[in-house]
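Trainee: Provided below for reference: sequence and predicted model.
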Amino acid sequence: MNIINRADIYFNYTKIGEDQYGNSYYVSKYSKNPDTGDNKRMVAYRGITEPSKVPPKWHAWLHYLVSTEELQNDTKKYNWQKDHMPNLTGTKLAKFPSGHISYGGERDKVSADYDAWNPYLNSRNYG
């Protein structure tokens, strides 16, 4: 983040909180959102600007689905809920299928495999 953005945040925004990825969330001191009448909300990403790093509760807050007071209350986490994971596509941590070129490009044979049509081997005489 450059010095101009940092100065803008310092003078015009109030910090509301931070998530597990180090992203900081702010609410504007002066400007209002014309749709809701609430102060504008923003996120300052830590590291690479990647919107998929925003956890669900902060996403809801950014889109005015929950208020700041509701955000501060810890919501119950059920045992079936998984921790939030950002989109890893294009990174070293991305998951690839076993036949991917990164794994040698070969996969195990399965019973549903087929032989591709070959015009030289499968031609008929239509004459």
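Mentor: The structure has been received and is ready for your questions. Residues are numbered from 1 along each chain as shown.

Trainee: when you work out contacts or count neighbours from here on, use the C-alpha atoms and nothing else.
Mentor: Will do.

Trainee: for the protein, give the strand that spans the most residues.
Mentor: Longest strand in the chain by number of residues, with DSSP state E as the criterion: strand 24-32.

Trainee: tell me the helix or strand right after that one.
Mentor: strand 39-44 (DSSP states H and E).

Trainee: after that next one, next one along is what?
Mentor: Following strand 39-44 in sequence, per DSSP H and E, is helix 56-62.

Trainee: give me the distance between the residue most central in space within the chain and Tyr25.
Mentor: For the chain, the residue nearest the mean C-alpha position is Ser52 (1.5 Å; CA atoms, centre = their mean). Remark: distance between Ser52 and Tyr25 (CA to CA, to the nearest Å) = 15 Å.

Trainee: next, give phi and psi for Pro97.
Mentor: phi -70, psi 160 (degrees, to the nearest 10).

Trainee: burial of it, as a residue count?
Mentor: Each residue near Pro97 was counted by other CA atoms under 10 Å, and the total is 10.

Trainee: repeat that for Val43.
Mentor: The local packing of Val43 (other CA under 10 Å) involves 20 other residues.

Trainee: and the closest residue to it other than its chain neighbours, what's its pLDDT?
Mentor: Leaving out its chain neighbours, the residue that sits closest to Val43 by CA to CA, 6 or more residues apart in numbering is Tyr25, at 4.5 Å. Tyr25 carries a pLDDT value of 95.
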